[in-house]
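Colleague: Quick one: sequence and predicted model below, then my questions.
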Amino acid sequence: MSGKYLITGGAGYVGSVVAQHLLEAGHEAVVLDNLSTGVREAVPAGASFIEGDIRDAAAWLDASFDGVLHFAAFSQVGESVVKPEKYWDNNVGGTMALLGAMREAGVRRLVFSSTAATYGEPEQVPIVESAPTRPTNPYGASKLAVDHMITGEAAAHGLGAVSLRYFNVAGAYGHCGERHDPESHLIPLVLQVAQGRRDAISVYGDDYPTPDGTCVRDYIHVADLAEAHLLALTAATGGEHLICNLGNGNGFSVREVVETVRRVTGHPIPEVVAPRRGGDPAVLVASAAAAHEKLGWKPSRSDLAGIVADAWEFAQRQQQSKQ
Ligand SMILES: NC(=O)c1ccc[n+]([C@@H]2O[C@H](COP(=O)([O-])OP(=O)(O)OC[C@H]3O[C@@H](n4cnc5c(N)ncnc54)[C@H](O)[C@@H]3O)[C@@H](O)[C@H]2O)c1
Ligand SMILES: O=c1ccn([C@@H]2O[C@H](COP(=O)(O)OP(=O)(O)O[C@H]3O[C@H](CO)[C@H](O)[C@H](O)[C@H]3O)[C@@H](O)[C@H]2O)c(=O)[nH]1
């Protein structure tokens, strides 16, 4: 059955891909974004666009909406360590206002972008949802606070909610991909080196307790992630707050990612070892068993070279459109 959904942060990377998937599935998509890190051109054709802040969501939310997909947030681990107040204000303060607006309008279905950063340094990998949550940076702490807020809202006021804890999102889908400015994520940065826009990639730390000394992450294709959001909308039912990890269950080190980019693009990628970045856990790899069991989700684009190839195609198209 088709529905009408508000997509906060739908001018950003993940939100724009999910908006595109919702439209393709026959839903109506209304994007609310203040363009703080997103761009207007990322909003898919066919979606309505409101330039505004989630703190003012009450101005646009009404009972005609079947649910909210909430992506709007600041999400840079390193920045959150030096400017924690920015993260509490937007991620926690903004979501509190959004939940209030949903309550007032009688909108009872929410899918929230949570993160692997809620766990911190794991005791065991792959990480399951019952693992201890001890975030090592304010970004992860702000997202964990929101998860707790949603649990309370579901229990007290009958909200149906799913928090999706993404691991490292990568790749592109159609005209939607990663175009942050400045960019902070590993894969698009390495691709910028391949394009000649940067001289080298800085490897943040090579003395971690991992096989090659660099951090290990679980890279998940953004289109696989989008499919999980559609399944989560169905699973978000009154009074329950479900939390599911989304990842492939495979870990790749920073050096393995750089090597994969070399193979996919055919460009040599010079690397320089730089100091560790504050707040980075050594290893983050997901168990997605709960998403499989409770949402019926299974990623189908788990090959790292394929993920990098899609991101490369998008980056090349972006570069050409600017020339
Ligand atoms: N990209 C990842 O690897 C990753 C991993 C885990 C979780 N997440 C989460 O997924 C979500 C989307 O991430 P992304 O990579 O697409 O980020 P993004 O920065 O591309 O998108 C976020 C969007 O939210 C908008 N926004 C921010 N604050 C707002 C506000 N107060 N009101 C309205 N709009 C606002 C921005 O303009 C932007 O368009 C975030 O919540 C992030 O924490 C991302
Ligand atoms: O120039 C760079 C950029 C990154 N890295 C390293 O590459 C790895 C991946 O870094 P990203 O910045 O691409 O991603 P993060 O793991 O820091 O964070 C991402 O995934 C997290 C969950 O795993 C959070 O959800 C967060 O929102 C999202 O940005 C990290 O070890 C980082 O130190 C480098 O070595 N050099």
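Modeller: Good, I have the coordinates. Ligands and ions are numbered 1, 2, ... in the order given.
Colleague: Now do the helix-or-strand element of the chain with minimal mean pLDDT: which elements does it pack against?
Modeller: When the helices and strands of the chain are compared on mean pLDDT, DSSP states H and E, helix 77-82 comes out lowest with a mean of 92. In terms of contacts (3 or more C-beta pairs under 8 Å, 6 or more residues apart in numbering; DSSP states H and E), helix 77-82 is packed against helix 84-87, helix 138-157. Quick note: C-beta positions are derived from backbone N, CA and C, even for glycine.
Colleague: near ligand 2, which residues of this structure show up?
Modeller: Proximity of the chain to ligand 2, by C-beta under 6 Å from any ligand atom, involves residues 75, 77, 115-117, 166-168, 184-186, 189, 201-204, 215, 217, 254, 277, 280, 284.
Colleague: Narrow those to those in helices?
Modeller: 77, 186, 189, 254 (DSSP state H).
Colleague: So which of these wins on neighbours?
Modeller: Counting neighbours by other C-beta atoms under 10 Å, residue 254 comes out on top of these with 24 neighbours.
Colleague: Now for the closest residue to it other than its chain neighbours: which residues touch it?
Modeller: Nearest residue to residue 254, sequence neighbours excluded (C-beta to C-beta, 6 or more residues apart in numbering): residue 214, at 3.8 Å. Listed by C-beta atoms under 8 Å, 6 or more residues apart in numbering, the contact set of residue 214 reads 203, 205, 206, 208, 253, 254, 255.
Colleague: among the helices and strands packed on helix 77-82, which is the most enclosed?
Modeller: Burial of those is given as mean neighbour count (mean count of other C-beta atoms under 10 Å); helix 138-157 ranks first at a mean of 20.
Colleague: what does that helix contact?
Modeller: Outside helix 138-157, the residues that touch it by C-beta under 8 Å, 6+ apart are 73-77, 79-81, 84, 87-88, 91-92, 95-96, 99, 103, 110, 112, 114-115, 117-120, 133, 135, 159-161, 163, 239-241, 243, 279.
Colleague: Same check on stretch 34-48?
Modeller: Stretch 34-48 has contacts (C-beta under 8 Å, 6+ apart) with 7, 9-13, 15-16, 19-20, 23, 28-31, 33, 49, 51-54, 72, 74, 175-176, 179-180.
Colleague: do it and ligand 1 meet?
Modeller: Yes: Stretch 34-48 reaches ligand 1 (C-beta under 6 Å from any ligand atom) through 34, 35, 36, 37, 38.
Colleague: Run a quick neighbour tally on the last one.
Modeller: To tie it back to what came earlier, the one meant is residue 38. Neighbour number of residue 38 under other C-beta under 10 Å is 22.
Colleague: Also the first one?
Modeller: Residues contacting residue 34 under the criterion other C-beta under 10 Å number 19.
Colleague: Mark which of the residues of the chain next to ligand 2 are buried, thanks.
Modeller: Taking 16 or more other C-beta atoms under 10 Å as the criterion, what is buried in these is 75, 77, 115-117, 166-168, 185-186, 189, 201, 203-204, 215, 217, 254, 280, 284.
Colleague: do you know how far the closest residue to residue 125 other than its chain neighbours is from ligand 1?
Modeller: Nearest in space to residue 125, with sequence neighbours left out and distances taken as C-beta to C-beta, 6+ apart, is residue 285 at 4.5 Å. Per C-beta to the nearest ligand atom, to the nearest Å, residue 285 is found 14 Å from ligand 1.
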